[in-house]
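# sequence? don't have it. structure:
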């Protein structure tokens, strides 16, 4: 009887509190009727607006008094402590091909990575990603350049207000000095920021990110050409970062993460579905994903796929993947090194379709009319390229800069996962990355929000510390196996199987890496030969470049940028790596075939006046008069006829007149290089011991001869 009375009393108090809350919330319904109605029907019905929006009551009487809008983790953590604490958890544990080790460079896994993306910003620093709880911190600290657009994946506040049409104010002065900045920037209190993406502008400005920063004194900075504003990436990035953190306490965990619970959960709508008991009230706030879904469907490879996201009903498999695809996806983000336009765009496609989409949506134009696409970068160009190394601080191994535009992929976990075996069995991202945890003793469960690698959950060492911190159980093998949601038996074996798949993928990836370097070397050799006026086949050379692009995008997308080392879709990744190897090998072969069968001498400008004089058969005595030229710009070389870049003997700045004696070896050739930049390679001919050169004409010319009638060899 007493128990019944206590229950009835609790219900009465709950109804009384709920009635009071509803009465308080009614004051907001005049302008926010739908929000108030949503809250009343949600699991948050017992909370008044003031709980999450301090200042809501004064705001109801004076619209100029703006209430707080929370994007910090701590607010939700007040009630959802387990989810909050697991979300901000981080460790330094490295899995075989990932995990969260501090400062683990991708070069540790792929030694030629910088050679393959020569000149791109990631050559400056590219480390293995760590936990969600520190992703804003890691973005802030990294030494490579970064853009305002990128912060949409590091800040719920920025993603929410992007494309909102609202101008947001910096409420507290914020000093910003990211890891890429030589000097810091102080963003003043009262600075206003607007953020949008113009998806309807005429090309090439379609999908241009437009960030406008207005200081209290009226000074303006922008990421685009805006009247009265100065284009400044450091200022726009700093202001968008300041918008994220300026209202957070110094010790707020959200300063480390940037993302709040309301990135995926709609706080006004969250509840349990009456029919299924499943949690509903999810949302996506990344506007470029919304645009991609509207254009191509929630899964573009599923005919009839919906073109909207419905978080008010139990999520479909594709909708649950889309939650993570707000960030775990391939996208165009930031200023193109080719045309300097700041773009914000999701192709929302698998790797085999990327080049066609980018060629269609971002083709060359105007001064860039010879480019296949302009959204990413040209290999081997820019201040971070191998031509400026080591002075630029970027290490290279065997660079072969080719000057061709390539695709730089991001992290396409969502697109890669579509169509996989696990996808076909209905497994969501959360199935494997957010397992259910059971508390020690009580047996109650909650969902882990530490979105870590499943192989980490299945490793006893990190799980011992994790279980102790959160008071949760482990199996008798000392693990917390996400695989247990679908599999049974000795679950630690599932980790062994997963790592076998990854090991096999990695072995294939290393093979393709080597083939890509050979492809680059072949293309570079053909381009160098063409620059030396050798008759290089332009059709074959262009075909070699196209094959290299196809190999490059598959390798870089699926095994460097994608974070599962093949496990998200082993069959597809394996097939695409096989295709990448074939493309890379084809590229190298075509580049080699584009070269002439035998390289031959090219013309000597008559003004050089180089002749030969008699001498022993073993040597050549060259008399020269280059008074008509700048002596400092010339060099005399001797080397193999087939290799115009390797000299065995050289005399720099040989003067205006004089003579020089060479002792040729069999198969050697001697050349004169004209121009400081190596603009023209001029060969005097071929000689070998026992042969003479008379008036600069070799006794034996290459079989294929020269296409240039002024060449020594006709």
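Received the coordinates, thanks. This structure is a prediction, so every number in the text was calculated from the model and none was measured.
# residue 344 belongs to a strand?
Yes: under DSSP: H, G, I helix; E, B strand; the rest coil, residue 344 sits within a strand.
# beta partners of it?
Following DSSP bridges, residue 344 is listed with bridge partners residue 333.
# is it true that it touches residue 292?
No: look at residue 344 against residue 292 with C-beta atoms under 8 Å: they stay out of range, at 11.1 Å. Using the backbone N, CA and C atoms, a C-beta is placed for each residue, glycine as well.
# out of those two, which sits in the more crowded spot?
residue 344 (30 against 23; other C-beta atoms under 10 Å).
# residue contacts, that one?
Shown in contact with residue 344 (C-beta atoms under 8 Å, 6 or more residues apart in numbering): 149, 152, 197, 207-209, 288, 331-333.
# next one: residue 170
Counted by C-beta under 8 Å, 6+ apart, residue 170 has contacts 187-193, 239, 242-243, 246.
# surely residue 278 touches residue 271?
No: Residue 278 lies out of contact with residue 271 (C-beta under 8 Å); the separation is 10.1 Å.
# more crowded one of those two?
residue 271 (16 against 10).
# ok, that one touching residue 39?
No: counting by C-beta under 8 Å, residue 271 stays clear of residue 39, with 10.2 Å between them.
# any common contacting residues for those two?
Joint contacts of residue 271 and residue 39 (C-beta under 8 Å, 6+ apart) do not exist.
# so, low pLDDT: which residues of the chain?
Along the chain, segments meeting pLDDT under 70 span 1-23, 533, 597-714.
# can you give the domain ranges for it?
Domain assignment for the chain, taken from automatic domain parsing, gives 2-68, 130-259, 332-415+496-594, 606-686.
# about what we covered before: can you tell me which of the contacts of residue 170 are in helices?
239, 242-243 (DSSP state H).
# and the residues you listed, which is closest to residue 589?
residue 239 (50.6 Å; C-beta to C-beta).
# tell me which element the closest residue to the closest one other than its chain neighbours is part of?
Nearest residue to residue 239, sequence neighbours excluded (C-beta to C-beta, 6 or more residues apart in numbering): residue 213, at 4.2 Å. Residue 213 belongs to strand 208-214 when assigned by DSSP states H and E.
# show me what that strand packs onto, helices and strands only.
strand 192-198, strand 220-222, helix 233-245, strand 342-345 (3 or more C-beta pairs under 8 Å, 6 or more residues apart in numbering; DSSP states H and E).
# switch the cut-off to 6 Å
Using 3 or more C-beta pairs under 6 Å, 6 or more residues apart in numbering; DSSP states H and E as the contact test, the elements touching strand 208-214 are strand 192-198, strand 220-222, helix 233-245.
# let me have the ones you listed in a markdown table, extended by mean neighbour count and distance to residue 172.
Below are these laid out as a markdown table (neighbours: other C-beta atoms under 10 Å; distance: least, C-beta to C-beta, whole Å):
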| stretch | mean neighbour count | distance to residue 172 |
| --- | --- | --- |
| strand 192-198 | 20 | 14 |
| strand 220-222 | 20 | 19 |
| helix 233-245 | 24 | 9 |
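# which one of the ones you listed lies closest to residue 579?
Nearest of the helices and strands packed on strand 208-214 (C-beta to C-beta): strand 192-198, 32.9 Å.
# partners of the closest one in the sheet?
strand 168-169 (antiparallel), strand 208-214 (antiparallel).
# centroid-nearest residue for the chain?
residue 410 (3.1 Å; C-alpha atoms, centre = their mean).
# now the strands for the stretch 151-300 of the chain?
Assigned by DSSP state E, counting those that start in this stretch, the strands in the stretch 151-300 of the chain fall at 168-169, 174-176, 185-187, 192-198, 208-214, 220-222, 230-231, 271-272, 279-280.
# TSV for the ones you listed, including distance to residue 35?
As requested, these are exported to TSV (distance: least, C-beta to C-beta, whole Å):
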stretch	distance to residue 35
strand 168-169	19
strand 174-176	29
strand 185-187	30
strand 192-198	23
strand 208-214	28
strand 220-222	33
strand 230-231	38
strand 271-272	15
strand 279-280	17
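# for residue 127, find the nearest of the ones you listed.
Of these, nearest to residue 127 by C-beta to C-beta is strand 174-176, at 21.2 Å.
# report the buried residues of the closest one.
Under the neighbour-count criterion of 16 or more other C-beta atoms under 10 Å, strand 174-176 has 174, 176 buried.
# try stretch 172-191
For stretch 172-191, burial by neighbour count (16+ other C-beta under 10 Å) applies to 174, 176, 178, 180, 185, 187, 191.
# could you do stretch 159-172 as well?
159-163, 168, 170.
# which among the residues you listed gets closest to residue 508?
residue 159 (35.7 Å).
# leaving out chain neighbours, which residue sits closest to that closest one?
Nearest to residue 159 is residue 152, by C-beta to C-beta, 6+ apart, at 4.4 Å.
# what's the neighbour count on the nearest residue to residue 514 once chain neighbours are set aside?
Leaving aside its chain neighbours, residue 514 sits nearest to residue 112 (7.5 Å; criterion: C-beta to C-beta, 6+ apart). If you count neighbours by other C-beta under 10 Å, residue 112 ends up with 18.
# and residue 69, by the same measure?
By other C-beta under 10 Å, the residues close to residue 69 number 14.
# quick check: it is in a strand.
No: in this structure, residue 69 is coil, not part of a strand, as judged by three-state DSSP.
# and it, how close does it get to residue 212?
Going from residue 69 to residue 212 by C-beta to C-beta, to the nearest Å gives 21 Å.
# likewise for residue 591?
Using C-beta to C-beta, residue 591 is found at 46 Å from residue 212.
# neighbour count for those two, which is higher?
residue 591 (30 against 20).
# how about that one, phi and psi?
Torsion angles at residue 591 (phi, psi; degrees, to the nearest 10) stand at phi -60, psi -40.
# farthest pair in the buried residues of stretch 172-191?
180 and 191 (20.7 Å).
# next structured bit after the host helix or strand of residue 33?
When elements are assigned from DSSP H and E, residue 33 belongs to helix 29-40. With elements assigned by DSSP H and E, the helix or strand that comes after helix 29-40 is helix 49-52.
# residues contacting residue 209?
149, 197, 223, 342, 344 (C-beta atoms under 6 Å, 6 or more residues apart in numbering).
# hmm, residue 348 is touching residue 296, no?
Yes: using C-beta atoms under 6 Å, residue 348 makes contact with residue 296 at a distance of 4.9 Å.
# more neighbours: these two, which one.
It is residue 348, of residue 348 and residue 296, that has more neighbours when counted by other C-beta under 10 Å, with 26 against 17.
# spell out the secondary structure type for that one.
Quick answer, by three-state DSSP: residue 348 is coil.
# from residue 595, how far off is the residue lying closest to it once chain neighbours are set aside?
Residue nearest to residue 348 in three dimensions, not counting chain neighbours: residue 292, with 3.7 Å by C-beta to C-beta, 6+ apart. With the distance defined as C-beta to C-beta, residue 292 ends up 43 Å from residue 595.
# which ones are touching residue 404?
379, 545.
# which helix or which strand is home to the residue nearest to residue 449 when sequence neighbours are not counted?
Leaving aside its chain neighbours, residue 449 sits nearest to residue 87 (3.9 Å; criterion: C-beta to C-beta, 6+ apart). Per DSSP H and E, residue 87 falls inside helix 81-88.
# and if you look at residue 137?
For residue 137, the host element (DSSP H and E) is helix 135-141.
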